[in-house]
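Undergrad: Build the 3D model from these lines:
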Amino acid sequence: MGMFTFKRESENTLDGAPARYWHMLDDGRIQCDLCPRYCKLHDGQRGFCFVRARRGDEMVLTTYGRSSGFCVDPIEKKPLNHFLPGTPVFSFGTAGCNLGCKFCQNWDISKSRQFDTLADEASPDEIARTAAELGCRSVAFTYNDPVIFLEYAVDTAKACHARGLKTVAVTAGEICPEPRAEFFAHMDAANIDLKAFTERFYRQICMGELQPVLDTLKYVRHHTDTWLEITTLLIPGENDSAEEIDAMTRWIAAELGADVPLHFSAFHPDFKMRDHPPTPPQTLSRARHIAMENGLRYVYTGNVYDEAGGSTYCHRCGQKLIGRDWYRLTAWNLTPDGRCNRCGTPLPGVFDAEPGKWGSRRLPVRMGR
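TA: Residues are numbered from 1 along each chain as shown. Next comes the predicted model:
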């Protein structure tokens, strides 16, 4: 499918904007309070994420209004399987990241230190208007972690809600409590990466911490109206042992509940982990089996062809409720109010009376001048 070019209404340059969540230290440095890194900056320095910087005696978001690209995707690609299935989502990201994952599969964006990566400019209102005119039901903050461009994401979410669009965050969940509350107050759905279930993995492979992610998962599940799904990328020899998957899925069942969808995704060699093999499909199937044995009702496999592992089943009678062939819906057995049409059991999630018909298409969009 070709590129769609959207003509902008203005030539406003939105390069940089005041950032929130920081304070001045006694030694004259500024501390960023957005994520648990707490970067401490002298004038002219940038944080680990590269996009939050000190200018004079304030912090700014250098990527406000600038994007690494826009695309209309299937909502299932986020991945979200229980949120407006079959509908198109207007997706975009910026540059940078507050983690340093050695296996990053969007490393050209998330690890970018070059602002020519940010090829497009768009205000929050322009994004919302474009998404609505293209027939999207939602806008996703994705490709790189949206918590680092919180101010841009929140302003865009407000513009989307004003036009009746839903909002989606695809994030690793490494964020402090106060900004976390603001960020998720504006998100209708989130897919949060639970990259592993050990501090070793987070510290050595992601340059982050596990506990803030667990805190974010519990916060979103129990203190917001945001629909939550979880993704774990299984990397051979790193986080794919039966013991770790057992411990992780027991924690999810106990702390988040049986109805939170979990996606096990296949790794392919990339960035700084090209020496690891791809994830065998049987590893994903084994993980799915362990998770379901531990009480999780909706467990999926991704990045491999597995129609059974990609489809949604009624946990009570076993009927296939939503069939999927990659990102294309192949079956729909829900009543208009989101129940199994055989036994009447509700399916947790956010559903329209009818499925969307976007299919597996991807439509790149340029915010043209």
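Undergrad: what's the closest non-adjacent residue to Trp326?
TA: Ser360 (5.8 Å; CB to CB, 6 or more residues apart in numbering). C-beta: built from backbone N, CA, C; applies to glycine.
Undergrad: Name the next helix or strand following the top strand by length along the chain along the chain.
TA: Taking DSSP state E as the criterion, the chain has its longest strand at strand 227-234. Next along the chain after strand 227-234, taking DSSP states H and E as the criterion, comes helix 242-255.
Undergrad: what residues does stretch 169-184 touch?
TA: 20-21, 33-36, 78, 98-99, 140-143, 145-147, 150, 153-154, 187, 189-195, 206, 208-209, 212-213, 215-217, 219-220, 224, 226 (CB atoms under 8 Å, 6 or more residues apart in numbering).
Undergrad: Now the buried members of those residues.
TA: 21, 33-35, 78, 98-99, 140-143, 145-147, 150, 153-154, 187, 189-195, 206, 208-209, 212-213, 215-217, 219-220, 224, 226 (16 or more other CB atoms under 10 Å).
Undergrad: Show me these that map onto strands.
TA: Ala140, Phe141, Ala189, Ala190, Asn191, Ile192, Asp193.
Undergrad: Throw these into CSV and include pLDDT and distance to Gln282, thanks.
TA: As requested, those are exported to CSV (pLDDT from 0 to 100; distance: CB to CB, whole Å):
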residue, pLDDT, distance to Gln282
Ala140, 98, 31
Phe141, 98, 34
Ala189, 99, 30
Ala190, 99, 29
Asn191, 98, 24
Ile192, 98, 26
Asp193, 98, 23
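Undergrad: Serialize the residues you listed to JSON lines and add fields for distance to Val304.
TA: Formatted as JSON lines, those follow (distance: CB to CB, whole Å):
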{"residue": "Ala140", "distance to Val304": "22"}
{"residue": "Phe141", "distance to Val304": "26"}
{"residue": "Ala189", "distance to Val304": "24"}
{"residue": "Ala190", "distance to Val304": "24"}
{"residue": "Asn191", "distance to Val304": "18"}
{"residue": "Ile192", "distance to Val304": "21"}
{"residue": "Asp193", "distance to Val304": "18"}
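Undergrad: with the residues you listed in mind, which one is nearest to Trp251?
TA: Ile192 (13.7 Å; CB to CB).
Undergrad: Quick check: the gap between the closest residue in space to that closest one that isn't next to it in sequence and His223.
TA: Among residues not flanking Ile192 along the chain, Gly173 sits closest, at 4.6 Å (CB to CB, 6+ apart). Separation of Gly173 from His223 (CB to CB, to the nearest Å): 14 Å.
Undergrad: before we move on, what about Tyr327?
TA: With CB to CB as the criterion, Tyr327 and His223 are 31 Å apart.
Undergrad: Likewise for Gly65?
TA: Gly65 is 30 Å from His223, by CB to CB.
Undergrad: Comparing the two, which residue is more hemmed in?
TA: A count of neighbours by other CB atoms under 10 Å puts Gly65 above the other of Gly65 and His223, at 24 against 12.
Undergrad: thought that one was touching Phe149?
TA: No. Contact criterion CB atoms under 8 Å: Gly65 and Phe149 do not qualify, at 9.7 Å.
Undergrad: end to end, how far does stretch 82-102 reach?
TA: Across stretch 82-102, the terminal residues are separated by 30 Å (CA to CA, to the nearest Å).
Undergrad: State the mean pLDDT of that stretch.
TA: For stretch 82-102, mean pLDDT rounds to 95.
Undergrad: just how off-centre is it within its chain?
TA: 4 Å (CA atoms, centre = their mean, to the nearest Å).
Undergrad: List the buried residues for that stretch?
TA: For stretch 82-102, by 16+ other CB under 10 Å, it's 82-99, 101-102.
Undergrad: Thr156 and Val168, how far apart?
TA: 11 Å.
Undergrad: actually Thr142, not the one I typed
TA: Counting by CB to CB, the gap from Thr142 to Val168 is 7 Å.
Undergrad: what do the two both touch?
TA: By CB under 8 Å, 6+ apart, the residues touching both Thr142 and Val168 are Lys78.
Undergrad: how about the helices in the stretch 51-200 of the chain?
TA: Counting by DSSP state H, counting those that start in this stretch, the stretch 51-200 of the chain has helices at residues 107-110, 124-133, 150-162, 177-185, 199-201.
Undergrad: ok, and what's touching the shortest one?
TA: Residues from elsewhere that reach helix 199-201, judged by CB under 8 Å, 6+ apart: Lys195, Glu209, Leu210, Gln211, Glu238, Asn239.
Undergrad: How about stretch 207-226?
TA: Contacts for stretch 207-226 (CB under 8 Å, 6+ apart): 35-36, 98-101, 169, 172-177, 180-181, 184-185, 187-190, 192-199, 201-203, 228, 230, 251, 255-257, 260.
Undergrad: try stretch 235-250
TA: Everything outside stretch 235-250 that qualifies as a contact, by CB under 8 Å, 6+ apart, is 103, 194-198, 201, 205, 232, 234, 262, 267, 273, 276-280, 283, 286-287, 290-291, 294, 296.
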